[in-house]
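Student: just the structure for this:
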Amino acid sequence: MLLPDRPNNPLPYAQTKRSAGRIPLDFTLFDMPPHQNPDPVSDNFILCLALRGTVRTEFQFGDGWQNAIVPPGTFMPITPPGTLGELVMDAPHRHLMLTLPMQAVAEIDDGRTGFGPLHKGAFRDRLVARLCLDLWDEARSANQAGDLFADCARAALIAALARRARQNPAPAPKRAGFTPQGWSRFARQIEDRLDENLSVAMLAAAAQMRETRFLQAFRQQTGLSPYRYVLQKRLEKAAALLAGSRMGLAEIALATGFADQAHMTTAFARHFGRTPGAVRRALH
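Tutor: Residues are numbered from 1 along each chain as shown. Predicted coordinates:
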């Protein structure tokens, strides 16, 4: 279904492990390439804080595929204990992963060992992120003082997660629209056939979606109609050809899918505030 050209095997990646506290909190800092891999079932809650690289992710915890954009400073959905999580990441990334034992959560949260909406979507919380990073730093030293700090910070972390889940839950994620490879096929279709008369049916087919769903997902993801998006790509390519080639204006118009030079000139001037001829004269 997802990233079919990538096998579901463990991938080579750089990682650093640390542990802290009376009830051990285990941390893993890792750098990974784009991948599709299931997360093994764990007896713990799994928190994952993005530190570097914005990724488009798809995920499911047994209740259907969802998607999210995860920039640095954002947490992935919390994986519940006893759950096989499946994740797709479409870009290289650095994440800090924390395993939070159910026993520790039960001690603080009166036995309510679930974080509700935090299992359903990515979320941002500065306090939770700060506590995770402080615990990661503290885990360099395994001594009595370190355990004391770790135990107090762990309690604060669990309380902050419970508060976040009860009072300010993450918005329910929208059902998956474009998969990473679906968007890639769509983008490649535009790039390869920009000089042709593109249609919604053609673009939806490239993304392997029904036209109605394609239009809805496209607007949701880009804020544009497919027509405006393609026009923008045509103008960007026209500008690049003006700057980097000796093609005539009429040739550029045909190469970028405009009906003729006059059509390109009108759209170009409306978008950039100058005609293609004026841009070329300024450049050369």
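Student: quick one: contacts for the nearest residue to residue 85 once chain neighbours are set aside?
Tutor: Distances taken as CB to CB, 6 or more residues apart in numbering place residue 39 nearest to residue 85, at 4.0 Å, with adjacent residues excluded. Placement of C-beta: from N, CA and C, glycine included. Neighbouring residues of residue 39 by CB atoms under 8 Å, 6 or more residues apart in numbering: 46, 79, 84-87.
Student: what about burial for those, which qualify?
Tutor: Burial by neighbour count, judged by 16 or more other CB atoms under 10 Å, picks out 46, 79, 85-87 from the contacts of residue 39.
Student: in those residues, find the pair that's most separated.
Tutor: The two members of the buried ones among the contacts of residue 39 with the most space between them (CB to CB) are 46 and 86, at 13.0 Å.
Student: before we move on, the earlier item: what's the farthest-apart pair in the contacts of residue 39?
Tutor: Farthest-apart pair in the contacts of residue 39 is 46 and 86; separation 13.0 Å (CB to CB).
Student: follow-up on the earlier one: just put the contacts of residue 39 in CSV and tack on distance to residue 186.
Tutor: Listed next are these as CSV, based on distance: CB to CB, whole Å:
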residue, distance to residue 186
46, 32
79, 30
84, 30
85, 27
86, 23
87, 22
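Student: okay if I get those as JSON lines plus secondary structure?
Tutor: Below are the contacts of residue 39 laid out as JSON lines (DSSP: H, G, I helix; E, B strand; the rest coil):
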{"residue": "46", "secondary structure": "strand"}
{"residue": "79", "secondary structure": "strand"}
{"residue": "84", "secondary structure": "coil"}
{"residue": "85", "secondary structure": "strand"}
{"residue": "86", "secondary structure": "strand"}
{"residue": "87", "secondary structure": "strand"}
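Student: just for the stretch 51-200 of the chain, where's the confidence low?
Tutor: By pLDDT under 70, the low-scoring segments of the stretch 51-200 of the chain are 62-64, 107-114, 141-147, 167-176.
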